[in-house]
Each structure stands twice: as structure tokens, then as C-alpha cells.
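*Asks:* got a predicted model here, sequence first, then my questions.
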Amino acid sequence: MTTTLCTPRLTLRRWREDDLDAMAAINADPEVMRWIGDGSVQDREQTAARIAVWERTWEERGVGLFAVECRDSGQLAGFAGLSVPLFLPEVLPAFEIGWRLGRPFWGHGLATEAARTALDFALRERGLARIVSISAAGNTASQRVMRKLGMRPERDTVHPEFGTPLRVHVLETRP
């Protein structure tokens, strides 16, 4: 399945082999990764494994994490899209909207633009009724994007593996 979405500034598309080095560089930045899991960076091999999982999710579920590319430069900015938050069973069944951009792309509204486009796709094209977004409790930048997407805080919890505080936001389209 090939799915490509465009905004005025971004192309959201499936992953290509030539995306690996750019995404690995994003995942190797400690500032980017500080709110993810236990805050550890990921190397090229770990990034390749993650991209394979993201692509498998597309094949199995018809949704997934898009590679986010800047239309003006063709540069990979990161990802945005949907995954299943298996690490946090208490929120299931649900899909999670998420994003990760490299630092040069922060502060320009690109995370909101990409996430809104992926969310609209999930709601309109896939008919999903419940979408969550999960962030580290202190990640106010991501929580601001969640609010811009129309999500509301649902609960505070703890990461079952790392013990870090998490905040779950939700968007429900049907009761």
C-alpha cells in the first residue's frame, strides 16, 4: 500500500532505504531522545530495526508512521503517524499518534502540521474512533502539540518498564 500525504511544507510518505542515515542521525541526538523511553539514543542498526517495524505496521494495520520530508529541500525531518502503544496495555485498544523531528525542524510548527495531517488521515480514511498520544510528563512541547490537535488529557501513569511518569492525551470521535 502506498500512501502519500502532502501539506504546503511537508510530504508524509512511506519509508525508503535512503531514509535510514537521516533517521539514524535524528535518533542519535540525545536532545531529541531525552523524552523517549529511558532517554537512550539509538544507533543505525536500532533505527533500521525500528523502520522495519513501522513498515510492518503499515502492512498489517493499514496505518503507520510516515517519513516526514520537507517539500522545499527533500530533507527527511523525522516521522509522524500512528502506532499501537503495546508498551502501555492500560490504554488499549487504541492507536497512538506520535512524532519525532530532528532539532533543526523544531519551533516551526512542523510537528503539529505533520501530526494533524496524519491524524486527519486516520480519522477520515481509516475511521479510527479512539486515538491517544503519550508523552513523558515533563515534555510540555509535545503536550502543546497534543492540545493543538484537539486532544485532552486523559490520565497520568508510569512507564511500566522505565518507571518514568507519563501523560496520556486522548481524542475520541465516537462515544
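*Replies:* Arrived safely.
*Asks:* for stretch 112-126, which outside residues touch it?
*Replies:* With contact meaning C-beta atoms under 8 Å, 6 or more residues apart in numbering, stretch 112-126 is reached by 3, 5, 7, 9-10, 12, 62-63, 66, 68, 77, 80-82, 95, 97-99, 101, 128, 131, 145, 148-149, 171, 173. C-beta: built from backbone N, CA, C; applies to glycine.
*Asks:* and if we set it to 6 Å?
*Replies:* With C-beta atoms under 6 Å, 6 or more residues apart in numbering as the test, stretch 112-126 has contacts from 5, 7, 10, 12, 63, 68, 80-82, 97, 99, 128, 145, 148-149.
*Asks:* just stretch 37-46 next, same as before
*Replies:* Taking C-beta under 6 Å, 6+ apart as the rule, stretch 37-46 contacts 24, 27-28, 30, 33, 162.
*Asks:* quick one: end-to-end distance for stretch 75-89.
*Replies:* Stretch 75-89 has its terminal residues 35 Å apart, counting by C-alpha to C-alpha, to the nearest Å.
*Asks:* contact partners of it?
*Replies:* Against stretch 75-89 from outside (C-beta under 6 Å, 6+ apart): 19, 22, 26, 63-66, 68-70, 91, 95-97, 99-102, 105, 114-115, 118, 122, 134.
*Asks:* give me the distance between that stretch and the centre of its chain.
*Replies:* 3 Å (C-alpha atoms, centre = their mean, to the nearest Å).
*Asks:* quick one, phi psi at A24?
*Replies:* phi -60, psi -40 (degrees, to the nearest 10).
*Asks:* go on, G127?
*Replies:* The phi/psi pair for G127 (degrees, to the nearest 10) is phi 70, psi 30.
*Asks:* burial of it, as a residue count?
*Replies:* 9 (other C-beta atoms under 10 Å).
*Asks:* among the contacts of stretch 37-46, which ones are buried?
*Replies:* Neighbour-count burial (16 or more other C-beta atoms under 10 Å) applied to the contacts of stretch 37-46 gives 24, 27, 33.
*Asks:* how about these in TSV, adding distance to R167?
*Replies:* Listed next are the buried ones among the contacts of stretch 37-46 as TSV, based on distance: C-beta to C-beta, whole Å:
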residue	distance to R167
A24	28
N27	22
M33	18
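*Asks:* per-residue confidence at R174?
*Replies:* Note on R174: pLDDT of 68.
*Asks:* can I get stretch 4-20 in CSV, CA atoms only?
*Replies:* What follows is stretch 4-20, C-alpha atoms only, in CSV (Å, rounded to 0.1, in the frame of the first residue of the first chain):
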residue,chain,number,x,y,z
THR,A,4,1.5,9.8,0.5
LEU,A,5,0.0,12.9,2.1
CYS,A,6,1.1,16.5,1.3
THR,A,7,0.8,19.7,3.2
PRO,A,8,2.1,23.1,1.9
ARG,A,9,5.5,22.4,3.5
LEU,A,10,5.7,18.6,4.0
THR,A,11,5.3,15.3,2.3
LEU,A,12,4.3,12.4,4.5
ARG,A,13,5.2,9.1,2.8
ARG,A,14,6.3,5.5,3.4
TRP,A,15,9.9,4.8,4.3
ARG,A,16,12.7,4.3,1.7
GLU,A,17,16.1,2.8,2.2
ASP,A,18,17.8,6.1,1.7
ASP,A,19,16.0,7.5,4.8
LEU,A,20,18.0,5.3,7.2
